[in-house]
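Novice: I would like to see how this sequence folds:
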Amino acid sequence: MEITRNPDGSLVVPIPEGRHHDGDDAVVSPIGGDTDVVAEPTTRLLHPGEGGYNEALAEWDLQQNPDRAPAVSTASGREEAMNVVHTVAESPTHDVAGALKDVSDSEASGEALRHVLIGGTHSVEAFSDEVAQAEGGEPLPSHKMTKIIGEVLAELDK
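Specialist: Numbering: from 1, shown residues only. As a prediction, this is how the structure comes out:
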């Protein structure tokens, strides 16, 4: 089962089946007896800012193109990525496509954002601080920055 990204940025993540141990304390139900068995959930919904979201978003991005080489961040790609993220964050309509229209190397920008995600929460927080210093304004909270990165990557993969 694959990770699914919803339009609101949340992710539906499969939960691996837990291990079952049959021990001496196993309860045997009578044959033909009615038992109320509650099925374990097979997925979990993660929102930006929740534990595991950054890792799941990086995994979702990898699922979109499994043959992609490992992410490598270049200075120019990172610079353009910072500008795009800042533009989307400041846009009243949250216009991702519009923010990407002035990007000269969308592949390098996407790689820079993937590189940030792979680094986890601390990397996202550091990137948020870097964007605020370069573009002005206050750093975005980690969950908002991660959500915008996910939206930009989704638009780039179209």
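
Novice: how about the nearest residue to the spatially most central residue of the chain, chain neighbours excluded?
Specialist: Centroid-nearest residue in the chain: L57, 2.1 Å away (criterion: C-alpha atoms, centre = their mean). Counting by C-beta to C-beta, 6 or more residues apart in numbering, L57 lies nearest to G150, which is 5.1 Å off, once chain neighbours are set aside. C-beta: built from backbone N, CA, C; applies to glycine.

Novice: now do the contacts for D102.
Specialist: By C-beta atoms under 8 Å, 6 or more residues apart in numbering, D102 lies in contact with N83.

Novice: that one: which element?
Specialist: Per DSSP states H and E: D102 is located in neither a helix nor a strand.

Novice: output the contacting helices and strands for the helix or strand of the chain with the lowest mean pLDDT.
Specialist: When the helices and strands of the chain are scored by mean pLDDT, DSSP states H and E, helix 53-64 comes last with a mean of 84. Contacts defined by 3 or more C-beta pairs under 8 Å, 6 or more residues apart in numbering; DSSP states H and E place helix 53-64 against strand 4-5, strand 11-14, helix 106-118, helix 142-156.

Novice: how far out from the middle of the chain is that helix?
Specialist: Distance of helix 53-64 from its chain centroid, counting by C-alpha atoms, centre = their mean, to the nearest Å, is 5 Å.

Novice: list the buried ones in it?
Specialist: 53-54, 56-58, 60-62 (16 or more other C-beta atoms under 10 Å).

Novice: stretch 7-14 too?
Specialist: 9-13.

Novice: tell me how far that stretch lies from the chain's centre.
Specialist: 8 Å.

Novice: where does the chain have low pLDDT?
Specialist: For the chain, the stretches flagged by pLDDT under 70 are 1, 18-41, 71-72.

Novice: mind running it again at 80?
Specialist: Residue ranges of the chain with pLDDT under 80: 1, 16-41, 49, 65, 68-73.

Novice: I'm done for today, thanks for sticking with me.
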